[in-house]
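Colleague: Need coordinates for the below:
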Amino acid sequence: MDTAAATSLVAINDRIARAHARFGAPPEAVELVAVSKTFPAEAIAPFLAAGQRVFGENRVQEAKDKWPGLRQLYPDVVLHLIGPLQTNKAREAVALFDVIETLDRDKLAGVLAAEMARAGRWLPCFVQVNIGLEEQKAGIAPAETAAFVARCRDVHGLDIAGLMCIPPDGVPPGPYFAHLATLARDAGVSGLSMGMSGDFEAGIAMGATHVRVGSALFGHRERV
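Modeller: Below you'll find the predicted structure:
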């Protein structure tokens, strides 16, 4: 076993457990989504050997290139799509991923529902909320969240497990995470995917059920 990977994994899980105990967050447990985007299969394998099973990828094609071989060795892997999804990639995404975290528009909801029905795979989805109303970021506007969740469920028949957000850079994330938690309660969903390497403890303080941690596990990645 790669001792560096195992040490990093233990350290992050310990920080998650301590934050959860300190803040008394509502979920019984917080799921670590190890963000392996841009890292090759050989960098991921040590974390699999150390016991991590939930991973996040940004791009369908990248995941398609590296995960089938890894899954032959570790068939219990749970793979989250945490990057933007184009409708023309929906079929591949439904076949490859287990959770879609970036549902952000009605057209995509309809296409995903059709592809899930065709494949017989009904994946849980998180609705991405543009919590800071930033022009450069995808996501439903906060004020539209409850209505969009209702449409996804009632019109498209999707399993909406929760909400996901990326707060603005350079400002305290806590108020944005608290806002997402309020939106989730209003929309009637329990999942909250919020918090990354630099702020996951703040996410846990506000009730995160999932945190997406990449660089704190794998090291800094090249910008792509």
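Colleague: Tell me the helices and strands packed up against the longest helix along the chain.
Modeller: Longest helix in the chain, counting residues (DSSP state H): helix 3-23. With contacts taken as 3 or more C-beta pairs under 8 Å, 6 or more residues apart in numbering; DSSP states H and E, helix 3-23 sits against strand 31-35, helix 41-49, helix 200-205, helix 215-218. Every residue, glycine included, has its C-beta placed from N, CA and C.
Colleague: element containing H80?
Modeller: strand 78-81 (DSSP states H and E).
Colleague: would you turn the helices and strands packed on helix 3-23 into TSV with mean neighbour count?
Modeller: Listed next are these as TSV, based on neighbours: other C-beta atoms under 10 Å:
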stretch	mean neighbour count
strand 31-35	23
helix 41-49	17
helix 200-205	24
helix 215-218	18
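Colleague: Can you list the strands that the strand holding H80 pairs with?
Modeller: In the sheet containing strand 78-81, its partner strands are strand 54-57 (parallel), strand 99-103 (parallel), by DSSP bridges.
Colleague: Distance to K66, mean pLDDT and mean neighbour count added to those strands, as a markdown table?
Modeller: Formatted as a markdown table, the strands paired with strand 78-81 follow (distance: least, C-beta to C-beta, whole Å; pLDDT from 0 to 100; neighbours: other C-beta atoms under 10 Å):
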| stretch | distance to K66 | mean pLDDT | mean neighbour count |
| --- | --- | --- | --- |
| strand 54-57 | 9 | 98 | 24 |
| strand 99-103 | 18 | 98 | 24 |
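Colleague: what about R15, how many neighbours?
Modeller: 17 (other C-beta atoms under 10 Å).
Colleague: Quick check, it in contact with E201.
Modeller: Yes - at 6.6 Å, R15 and E201 qualify as touching, with contact defined as C-beta atoms under 8 Å.
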